[in-house]
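Q: heads up, no residue letters with this:
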């Protein structure tokens, strides 16, 4: 080996060793910037499902960035009133909020499309419209005026019709009823004599207990049981025709979003997808047992009659026409949305509805022998023995 070659290898070895020694330091200093956000929820901490959607987002974002991007979650009322989180995001008081957009229908009824409007879409249809049916583009165009970009981040599935001190048998029973009800459903119900009330989730129970309101709707069995409504109202009506598949959204301040590195944007968007899927799955898993417990506690499960449903549907359609006539933004979204709804319903009745209806009947038939067997055994035991 020549002297020159030995000298080259020696220098190369020193260079490789130096590179190896400095590699960990490079890795330690690489990565995205440290970003700390605050998230204002519209929901109380006691509701691990609906409030939990924001926690799912925060945990996933932190885990995916090695703790570089953190989102601190605040319950409704801790730093921002539950029904003011959209304004807080718009004005950059907080970077983001997790909420039900229909809470802000008083600002503009168009907000409700990215949550739920009466006799609207179920959860799957809502996702289909938002992700692949033009809903995302329409709503983001609307949200630009509020300095907000939104992301679907949860869904409860079709909700219950709520808790009533007295059973609703006819349309006449609605007249004068003081009811806590969110979103746009209060508008058509006013036509039928209902006095709608906007009350945050954490304040519903005392209002119902004191008689300030006669009825209240929230979500469904799991959440409603936690809030204790069954203790002060025994009639549990269904379905919540005003919320066939209410979407929860993450509202993000547009400037805060634009300032995020692209990889952080991708991570946050993916975390919202996860929260959207996880929340619905959790409700579907927990509601059945909760409903059984409520019935065992004396709750009377009552469907709204066809008469009541038909009257409500008529009032809703009239309301949409009235809003669309005065609000061009609402009309633009509504005209596209109702075409999608019509086609989605036509498709669902072909396969989905037929399958679901058959399975409901099949499951009932499976439960009959289980109930009949103990009855036969008891009858045999009571009968006199043959000699």
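A: Thanks, I have it. Predicted model only: the values in this text are computed from it and were never measured.
Q: so where does the residue nearest to residue 58 when sequence neighbours are not counted fall, helix or strand?
A: In space, not counting the residues next to it along the chain, residue 58 is nearest to residue 71; the distance is 4.2 Å by C-beta to C-beta, 6 or more residues apart in numbering. All C-beta spots, glycine's among them, are computed from the backbone N, C-alpha and C. Per DSSP states H and E: residue 71 is located in strand 69-74.
Q: list the buried residues for that strand?
A: By neighbour count, and taking 16 or more other C-beta atoms under 10 Å as the criterion, the buried residues in strand 69-74 are 69, 71, 73-74.
Q: helices and strands around the helix or strand just after that strand, which ones?
A: The first helix or strand that comes after strand 69-74 along the chain, using DSSP H and E, is helix 85-90. Applying 3 or more C-beta pairs under 8 Å, 6 or more residues apart in numbering; DSSP states H and E, we find helix 85-90 packed against strand 35-41, strand 96-99, strand 148-155, strand 247-253.
Q: now for these, which one comes closest to residue 198?
A: For the helices and strands packed on helix 85-90, proximity to residue 198 was assessed by C-beta to C-beta; strand 96-99 is nearest, at 13.4 Å.
Q: show me the contacts for residue 120.
A: Under the criterion of C-beta atoms under 8 Å, 6 or more residues apart in numbering, the contact partners of residue 120 comprise 126, 244-245, 337, 341.
Q: if you could redo that for residue 164, that was the one I meant.
A: 214-215, 233, 235-237.
Q: which ones among those map onto strands?
A: For the contacts of residue 164, the ones inside strands are 215, 235-237, with DSSP state E as the criterion.
Q: can I get those residues in JSON lines with pLDDT, distance to residue 90 and neighbour count?
A: Formatted as JSON lines, those follow (pLDDT from 0 to 100; distance: C-beta to C-beta, whole Å; neighbours: other C-beta atoms under 10 Å):
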{"residue": "215", "pLDDT": "98", "distance to residue 90": "33", "neighbour count": "24"}
{"residue": "235", "pLDDT": "98", "distance to residue 90": "40", "neighbour count": "17"}
{"residue": "236", "pLDDT": "98", "distance to residue 90": "37", "neighbour count": "22"}
{"residue": "237", "pLDDT": "98", "distance to residue 90": "36", "neighbour count": "21"}
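Q: local confidence estimate at the residue nearest to residue 58?
A: Taken from the predicted model, the pLDDT recorded for residue 71 is 98.
Q: my guess is residue 216 contacts residue 207. True?
A: Yes - between residue 216 and residue 207 there is a contact at 7.3 Å, judged by C-beta atoms under 8 Å.
Q: how about the helix ranked longest in the chain: buried residues?
A: In terms of residue count, the longest helix belonging to the chain (DSSP state H) is helix 262-296. Of the residues in helix 262-296, those buried under the neighbour-count criterion (16+ other C-beta under 10 Å) are 264, 267-268, 271-273, 275-276, 278-280, 282-283, 286-287, 290-291, 294.
Q: related to what we said a few turns ago, and the helices and strands packed on helix 85-90: which comes nearest residue 222?
A: Across the helices and strands packed on helix 85-90 (criterion: C-beta to C-beta), the nearest stretch is strand 148-155, sitting at 13.9 Å.
Q: the closest one to strand 247-253, inter-axis angle?
A: Between the axes of strand 148-155 and strand 247-253, defined by axes from the mean of the first three to the mean of the last three C-alpha atoms, to 10 degrees, the angle is 150 degrees.
Q: strand 148-155: how far from the chain's middle?
A: 10 Å (C-alpha atoms, centre = their mean, to the nearest Å).
Q: who does it pair up with?
A: In the sheet, strand 148-155 lines up against strand 247-253 (antiparallel) (DSSP bridges).
Q: circling back: distance to residue 325 added to the ones in strands among the contacts of residue 164, as CSV?
A: CSV is the format used below for the ones in strands among the contacts of residue 164 (distance: C-beta to C-beta, whole Å):
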residue, distance to residue 325
215, 30
235, 36
236, 36
237, 31
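Q: which of these sit farthest apart?
A: Looking at the ones in strands among the contacts of residue 164 by C-beta to C-beta, the two members farthest from one another are 215 and 236, with 10.6 Å of separation.
Q: against residue 306, how distant is the residue nearest to residue 58?
A: Residue 71 sits at a distance of 46 Å from residue 306 (criterion: C-beta to C-beta, to the nearest Å).
Q: which stretches of the stretch 251-387 of the chain form helices?
A: Secondary structure of the stretch 251-387 of the chain (DSSP state H, counting those that start in this stretch): helices located at 254-259, 262-296, 306-326, 328-348, 352-382.
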